[in-house]
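>>> Based on what follows, work out the 3D shape:
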Amino acid sequence: MNPVIRAVLIPILAALAVCTFGLGAAAQGMGALARLIAEDSRLSAEEGGVSLQLSLSQPVPFRVFTLADPARVVVDFREVAFGDWAEGVVLPEGLSGIAAGPARQAGWSRLVVDLARPMVPGTAAMTVDPASGRAEVVVRLVRADEATFRAQAGAPPEAAGPAPVMSETRRPASDGPIVVVIDPGHGGVDPGAVRGDHTEADLVLTFARELRDALRRTGRVEVVLTREADVFVPLPTRVTIARAAGADLFLSIHADALAEGRAQGATIYTLSETASDAAAEALAEQHDRADLLQGVDLHGADDVVAGVLMDLARLETAPRAAGFAATLVESFAAADVRMHAQPWGEAGFTVLRAADIPSALLEIGFMSDSRDLANILDPAWRAAMQGALVTAVLDWADADQARRMRARQ
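All right, here's what the predicted structure looks like:
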């Protein structure tokens, strides 16, 4: 970032930008360890299941999954100091035990809830109080039969903390890994586009998981997903998760549907208040309406000063996002990935509004186009597109690092 802009932004954004983007003026710095606020955290019985409500001093990335033999629900956080809350909590019917502490994977904390009967996560979401900066994670467990529970049980690959494999031909351009936050669009009560038995939410989650694994195999990239399962995550919370993870790049993945003949092929979007075309505008409206399901108003006016500071920050991040978009288009072309006639567009997507993170939204294809849908369902095609994405991320990171080094000189 330009030193003059940084000198203005850093002391003031801590108080203003967090209000605009849901972190709160009273939030701790993201470098501090999040704390569980015991008096506002609870386990309670609900009709058909159990609700786990955890109040945290600040937002952090988290993931939820189930394990069998014995049956339990695991909630991993990056990271949370639980204190002794789990030792004194009263267990509602359906639960047989609870424990909290460090996870086996470095940099993560883990909460384990032992189940007395089969239950699976029905919803899992994080909300942030804009006034205090506190985050609330709510996981609702619903009853399930044994077969359903076992079919869903299993830790995601990243929960085991596998050692990354360093590419022999690529080396880090800086001392630390590139942090990429991948945002699988939709989820939970918002399935996104639907075609036959396929939902956009499921397809992009599969794609995002595969892309995460491909990026991690380079040994240069740390990846965080904004959702690990079919759950609803509010749009502003997705940005909050990216900021909490210290993202160098935010990439939202979609596979929307528009009227037949209007859209086909991969398309990448960067932020603009004015959409590049009618289709881009329609997509932005379609995506942002998802938050109306949770009653969130995304159109409140920013404070004038905060708005000016956001614009200053985007003087730095907008060219970097544009650089990624251009690199991705080149990488797709080199890999012969099918692209839209206008592969790079602009629109006012809410998930692209983080002033301090280069952000882009990728339509891997359009479910309304039969050829695109067939591609998205084809593992070989997905692998080819993911390979092009990995190349683009690494090439962009190299160029971005070189540009920053020149700026320091």
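>>> Could you use CA atoms for every contact and neighbour count after this?
OK.
>>> Let me know the pLDDT of Leu111.
Leu111 is assigned 92 on the pLDDT scale.
>>> likewise Ala99?
pLDDT at Ala99 comes out at 92.
>>> Please list all residues in contact with Glu222.
Shown in contact with Glu222 (Cα atoms under 8 Å, 6 or more residues apart in numbering): Pro177, Ile178, Val179, Val180, Leu215, Arg216.
>>> Figure out the helix or strand that it lives in.
Assessed by DSSP states H and E, Glu222 sits inside strand 221-225.
>>> how close does Gly196 get to Ala147?
Going from Gly196 to Ala147 by Cα to Cα, to the nearest Å gives 25 Å.
>>> Those two - which one has more neighbours?
Set Gly196 next to Ala147 and count neighbours by other Cα atoms under 10 Å: Ala147 wins out with 10 against 5.
>>> Quick check: phi and psi at that one.
The phi/psi pair for Ala147 (degrees, to the nearest 10) reads phi -60, psi -40.
>>> hmm, back to that, now, of the contacts of Glu222, which are buried?
Using 16 or more other Cα atoms under 10 Å as the burial test, these include Ile178, Val179, Val180, Leu215, Arg216 as buried.
>>> pretty sure the first one is touching Ala397, no?
To tie it back to what came earlier, the one meant is Ile178. Yes - between Ile178 and Ala397 there is a contact under Cα atoms under 8 Å: 7.5 Å.
>>> of the contacts of Glu222, closest to Ala68?
Relative to Ala68, the closest of the contacts of Glu222 is Arg216; by Cα to Cα it sits at 27.0 Å.
>>> picking that back up, what's the spacing between the strand holding Glu222 and its chain's center?
Centre-to-centre, strand 221-225 and its host chain are 9 Å apart (Cα atoms, centre = their mean, to the nearest Å).
>>> what's in contact with the helix or strand harbouring Asp372?
For Asp372, the host element (DSSP H and E) is helix 370-377. With contact meaning Cα under 8 Å, 6+ apart, helix 370-377 is reached by Leu203, Gln264, Gly265, Ile364, Gly365, Phe366, Met367, Trp381, Arg382.
>>> which one of those residues sits closest to Ile253?
Ile364 (7.0 Å).
>>> And that closest one, its phi and psi?
As for Ile364, its main-chain torsions (degrees, to the nearest 10) stand at phi -70, psi -10.
>>> cool, and Thr237?
Backbone geometry at Thr237, expressed as degrees, to the nearest 10, gives phi -70, psi -30.
>>> doesn't Met126 make contact with it?
Yes - judged on Cα under 8 Å, Thr237 makes contact with Met126 at a distance of 6.7 Å.
>>> If you count surrounding residues, which of those two has more?
Each of Thr237 and Met126 has its neighbours counted (other Cα under 10 Å); Met126 has more, 24 against 21.
>>> If we ignore the residues flanking it in sequence, what's nearest that one?
Spatially, and ignoring its direct neighbours in sequence, Met126 is nearest to Val137 (4.4 Å; Cα to Cα, 6 or more residues apart in numbering).
>>> now the host helix or strand of that neighbour: mean pLDDT?
Using DSSP H and E, Val137 sits within strand 135-143. The average pLDDT within strand 135-143 is 90.
>>> That one pairs with which strands, and in what direction?
Sheet pairing here is set by DSSP bridges, and for strand 135-143 it gives strand 49-56 (antiparallel), strand 119-128 (antiparallel).
>>> what about Ile241, which SS state?
Three-state call for Ile241 (DSSP: H, G, I helix; E, B strand; the rest coil): helix.
>>> And it, what's its pLDDT?
Turning to Ile241, the model gives it a pLDDT of 84.
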